[in-house]
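K.L.:
pasted the sequence and its predicted model underneath.
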Amino acid sequence: MNPFRLVYEDKKSKARRGVLATAHGDIQTPCFMPVGTQGSVKTLSPGELEEAEAQILLSNTYHLILRPGIEIIKKAGQLHRFISWRRPILTDSGGYQIFSLALLRKVSNEGVEFQSHINGDKYFLTPKTIIEYQKILGSDIMMPLDECVHYPCTKDYAAQAMKRTLDWARCSKAQIANPVRNDISNGASDKQLLFGIVQGSTYEDLRKDCARQLVDIGFDGYAIGGISVGEPKSLSYNITNKIVENLPKDAARYLMGVGMPEDILEAVEIGVDMFDCVIPTRYGRNGTAFTSEGKLVVRNAPYSCDFSPLDKDCSCYSCQNFSRAYIRHLLCSNEILGLRLVSLHNICFYLELMRKIREAIKEDRFVEFKKEFLNRYDTAD
RNA sequence: GGGGCCGUAGUGUAGCCUGGUUUAUCACGCCUCCCUGUCACGGAGGAGAUCGCGAGUUCAAAUCUCGUCGGCCCCG
């Protein structure tokens, strides 16, 4: 059964409204998934995220395996219960982390051998074990192990990593055929979804080939990996566009790790449905707020006497109650509340942006909305 | 009255004995930039000191000598 329902297509662009049915409820797309790598969206509580109307969180299998360890989550009774979050969760496999964080990794067709970046313990993860771990986590959407290459990357290596990612995708698909599922019951589907991940670096033919083969295998949705890893933005856009053209209309499309508000708008316009990114929370912790007029480095000196809110058009708790001057003071004094207030605002800003995008698509005015938004939103800085 | 120690960016300091690779060290603070499947206490860059003041020795003084001012300590 196809978990994705295409609800509406914008008449003037390829933007679309959809609904993705998961075990813990429906997700309205286009959507943004706040990132809670280690089972926590840094500085924010599940209550605050619900309040901000986050529909789904992203968590990370690699991080959770290393700490606290899969056995503890199993004992806790799945990830939802462990972290006290009742809405959907997508778990990233950790492919990205193994290639960016882990030490001394050895990649073979069977899997990846690496040392923990925390304590040096040795692990050997295979596409099969990654799926088994995600079954135990009980995430609503599972991601297969993949190999995300850096930019720039030679075509030979990109082809090799793409082929390996495809092999691993087949292996992952085969692994979920064994139903080990147990007690998820409060959603539209009692099945964990599995997405395929398109790799192939910046090479159009590799990307196209990868997308087509994944579609042949058949997944519940398709993710685009290895974008925004340092390549020029025009290239990210072109490649993403080419990939989307080779994905079925009636499946969810997820652009992994993206991005800035302007990146999200570009991607929605060419038909991407799902996003996740550390930017709102990481920037929040480092003193940059997103506002309707662009990025605001509230940590900077000019705001020391600015008693207006981060964004005067925002209705979040931070903006309704606190000034830039106070938040800057908190950040400069290393008060945890400062990190929290900016992170909360940024998450609210992103989620509100996605709501506005969904509204605009429904009314065939996505292109105008994007233009108006970018007109006001200063991307120059 | 006698003796000793100390004075180097906003703060705390290295260098002084054995003068010259010192455009004077480092940390914090300050200023700016960066962050795209995470990184709370983060990364990069920058500004900021006529080395308390004055005189002397010397080709050359933060560095040696004398004086002086300020701070601290010990003895009377």
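P.N.:
Perfect, I can see it now. Numbering: from 1, shown residues only, chains lettered A, B, ... in the order given.
K.L.:
A:Pro248 reaches A:Asp216, doesn't it?
P.N.:
No: no contact is recorded between A:Pro248 and A:Asp216 when judged using C-beta atoms under 8 Å, the distance being 11.0 Å. Every C-beta, even on glycine, is put in place using the N, C-alpha and C of the backbone.
K.L.:
for A:Arg285, which non-adjacent residue is closest in space?
P.N.:
In space, not counting the residues next to it along the chain, A:Arg285 is nearest to A:Leu339; the distance is 4.7 Å by C-beta to C-beta, 6 or more residues apart in numbering.
K.L.:
next, count neighbours for A:Gly372.
P.N.:
Quick fix: residue A:372 reads Glu, not Gly. Per other C-beta atoms under 10 Å, the neighbour tally for A:Glu372 reads 13.
K.L.:
where does it sit, in terms of helix or strand?
P.N.:
Using DSSP states H and E, A:Glu372 falls within helix A:366-376.
K.L.:
one more: A:Glu113?
P.N.:
With elements delineated by DSSP H and E, A:Glu113 resides in strand A:112-115, which encompasses its position.
K.L.:
would you mind listing what in the stretch 251-381 of chain A touches RNA strand B?
P.N.:
Taking C-beta under 7 Å from any atom of the strand as the test, the list of the stretch 251-381 of chain A residues beside RNA strand B reads A:256-260, A:263, A:276-279, A:281-283, A:285-288, A:297, A:299-302, A:304, A:332, A:334, A:336, A:339, A:381.
K.L.:
the residues you listed, buried ones only, as a ChimeraX selection?
P.N.:
For anyone working in ChimeraX, the buried entries among these, judged by 16 or more other C-beta atoms under 10 Å, can be selected with:
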select /A:256,257,258,259,260,263,276,277,278,279,281,283,285,287,288,299,339
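K.L.:
if I pick A:Met33, what's in contact with it?
P.N.:
The contact partners of A:Met33, taken as C-beta atoms under 8 Å, 6 or more residues apart in numbering, are A:54-58, A:90, A:274-276.
K.L.:
and the pLDDT at A:Val180?
P.N.:
For A:Val180, the model assigns a pLDDT of 50.
K.L.:
same deal with the one 3 residues further on?
P.N.:
On pLDDT, A:Asp183 comes in at 43.
K.L.:
can you read off the pLDDT for the residue of the stretch 51-200 of chain A found nearest RNA strand B?
P.N.:
Nearest residue of the stretch 51-200 of chain A to RNA strand B: A:Cys148, at 2.5 Å (C-beta to the nearest atom of the strand). Per-residue confidence at A:Cys148 stands at 93 (pLDDT).
K.L.:
helix, strand, or coil at it?
P.N.:
Per DSSP: H, G, I helix; E, B strand; the rest coil, the local secondary structure of A:Cys148 is coil.
K.L.:
ok, it touching A:Val229?
P.N.:
Yes: between A:Cys148 and A:Val229 there is a contact under C-beta under 8 Å: 7.1 Å.
K.L.:
the more surrounded of these two?
P.N.:
Neighbours per residue, other C-beta under 10 Å: of A:Cys148 and A:Val229, the larger number sits with A:Cys148, 22 against 18.
K.L.:
so where's chain A uncertain?
P.N.:
Counting by pLDDT under 70, chain A has low-confidence residues at A:104, A:178-190, A:380-381.
K.L.:
any idea what the residue positioned nearest the centre of it is bridged to?
P.N.:
By C-alpha atoms, centre = their mean, the mean C-alpha position of chain A lies nearest to A:Asp276, the distance being 2.1 Å. For A:Asp276, the beta-bridge assignment (DSSP bridges) gives partners A:Met33.
K.L.:
for it, what are its contacts?
P.N.:
A:32-35, A:58, A:90, A:254, A:256-258.
K.L.:
could I get those residues in TSV, plus columns for distance to A:Leu194?
P.N.:
Below are these laid out as TSV (distance: C-beta to C-beta, whole Å):
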residue	distance to A:Leu194
A:Phe32	21
A:Met33	16
A:Pro34	22
A:Val35	20
A:Leu58	15
A:Leu90	11
A:Tyr254	12
A:Met256	15
A:Gly257	19
A:Val258	21
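K.L.:
closest one to RNA strand B out of these, please.
P.N.:
Using C-beta to the nearest atom of the strand, the shortest approach to RNA strand B within these belongs to A:Gly257, at 2.6 Å.
K.L.:
which residues are in contact with the closest one?
P.N.:
Taking C-beta under 8 Å, 6+ apart as the definition of contact, the neighbours of A:Gly257 are A:96, A:225, A:227-228, A:276-278.
K.L.:
likewise A:Leu193?
P.N.:
Taking C-beta under 8 Å, 6+ apart as the definition, contacts of A:Leu193 comprise A:3, A:20, A:22, A:140-142, A:220-221.
K.L.:
now for the strand or helix carrying A:Ala360, which elements pack on it?
P.N.:
Here A:Ala360 sits within helix A:336-362, counting by DSSP H and E. For helix A:336-362, the contact count by 3 or more C-beta pairs under 8 Å, 6 or more residues apart in numbering; DSSP states H and E identifies strand A:16-22, strand A:31-33, helix A:261-269, helix A:279-285, strand A:288-291, helix A:317-321, helix A:324-332, helix A:366-376 as packing neighbours.
K.L.:
for it, the distance to its chain's centre please.
P.N.:
14 Å (C-alpha atoms, centre = their mean, to the nearest Å).
K.L.:
buried residues in that helix?
P.N.:
Neighbour counts using 16+ other C-beta under 10 Å place A:338-354, A:357-358, A:360-361 of helix A:336-362 among the buried residues.
K.L.:
and it with helix A:261-269, angle?
P.N.:
For helix A:336-362 and helix A:261-269, the angle between their directions (axes from the mean of the first three to the mean of the last three C-alpha atoms, to 10 degrees) works out to 30 degrees.
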